[in-house]
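Participant: Please work out how this folds:
(one chain, ligands or ions: 2)
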Amino acid sequence: LARGPGEADLAGRHVVISAGGTREPLDPVRYLGNRSSGKQGFALARTAVARGARVTLIEANTGLPDPAGADVLHAGTAIQLREAVLKAAADADVVVMAAAVADFRPAEYATGKIKKKDGQEPAPIKLVRNPDILAEVAGERARPDQIVVGFAAETDDVLANGREKLRRKGCDLLVVNEVGERRTFGSEENEAVVLAADGGETPVPFGPKEALADTVWDLVSSRLG
Ligand code: CTP
Ligand code: CA
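Facilitator: Ligands and ions are numbered 1, 2, ... in the order given. Predicted coordinates:
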């Protein structure tokens, strides 16, 4: 592989990273959310700054402090995240979708708080699909040489599901995490395999999220012109 951490191999490059998890409002006090902490995305942002990149970090509901040296934008819902990512991706060399995007959102938003009624079962919540931001970015490529990276958390048949997802999304790299016992959400460590569209497979042993981030940048760096 090309170069490693400590060298400005991303100097002059604009990288866009999404981090955290979207929240889809149901009424003024409730939302559908997920357990993504945003720590992996923030580690990607810090390491990219250290390697010389111009970094746009699009953050969703993490509550984490802005990393030094990155331009930070905020998005709440999948629709808002899509807007921000597509806009930033227009002049990006690299787009990394580390955010957990809600697959569905409530079909309707209740402008007043949903109240329970005595003796009545709750009404079912109708959901609709959210747009697939990663597939859209990878499919449309604002620049022909743009590198697009996705993430996937899988519980079963991790590699087979990862390969299938990489193909379906059309991205260049897919970081596949096995979600399980010690690999809990919100932890400081991660273990993964990075799958590449060209067939490459890079295992990353259990360790700090910065180490996984640097492996991603090594793989990206070697693919940039
Ligand atoms: N993703 C996205 N937009 C969505 C859903 C997912 O951009 N609406 C991105 C995530 O940011 C991640 C990748 O797609 O980089 C994989 O997410 P994942 O939830 O594993 O994939 P899905 O296609 O939603 O498949 P699944 O049914 O397994 O959840
Ligand atoms: Ca999903």
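Participant: Let's check: the centremost residue of this structure is which one?
Facilitator: A98 (1.6 Å; CA atoms, centre = their mean).
Participant: ok, it - contacts?
Facilitator: 17-19, 40-41, 44, 151 (CB atoms under 8 Å, 6 or more residues apart in numbering). No exception for glycine: its C-beta is placed from N, CA and C like everyone else's.
Participant: In a helix, L166, correct?
Facilitator: Yes. According to DSSP: H, G, I helix; E, B strand; the rest coil, L166 belongs to a helix.
Participant: So it is in contact with L195, correct?
Facilitator: Yes. Using CB atoms under 8 Å, L166 is in contact with L195, at 5.2 Å.
Participant: Pick out whichever of these two has more residues nearby.
Facilitator: With neighbours defined as other CB atoms under 10 Å, L166 and L195 compare such that L195 has more, 24 against 20.
Participant: Was I right to think Y31 contacts R23?
Facilitator: Yes. Y31 lies in contact with R23 (CB under 8 Å); the separation is 4.1 Å.
Participant: what sits in contact with each of L166 and L195?
Facilitator: What both L166 and L195 touch, as defined by CB under 8 Å, 6+ apart, is the set 173-174.
Participant: quick one: which helix or strand includes the residue of the chain most remote from its centre?
Facilitator: Relative to the mean C-alpha coordinate of the chain, counting by CA atoms, centre = their mean, the farthest residue is G119 (42.5 Å). Using DSSP states H and E, G119 falls within no helix or strand.
Participant: Just the CA atoms of the helix or strand where Q80 lies, as CSV, please.
Facilitator: Under the criterion of DSSP H and E, Q80 resides in helix 78-89. This file holds the C-alpha atoms of helix 78-89, laid out as CSV (Å, rounded to 0.1, in the frame of the first residue of the first chain):
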residue,chain,number,x,y,z
ALA,A,78,-32.2,11.1,6.3
ILE,A,79,-33.8,13.7,3.9
GLN,A,80,-31.6,16.5,5.4
LEU,A,81,-28.5,14.2,5.4
ARG,A,82,-29.1,13.5,1.7
GLU,A,83,-29.3,17.2,0.9
ALA,A,84,-26.1,18.0,2.7
VAL,A,85,-24.2,15.0,1.4
LEU,A,86,-25.2,15.5,-2.3
LYS,A,87,-24.3,19.2,-2.1
ALA,A,88,-20.9,18.5,-0.4
ALA,A,89,-20.2,15.6,-2.8
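Participant: Low-confidence regions, this structure specifically.
Facilitator: 1-6, 180-184 (pLDDT under 70).
Participant: Pull the contacting residues for P203.
Facilitator: 192-193.
Participant: Done for today, thanks.
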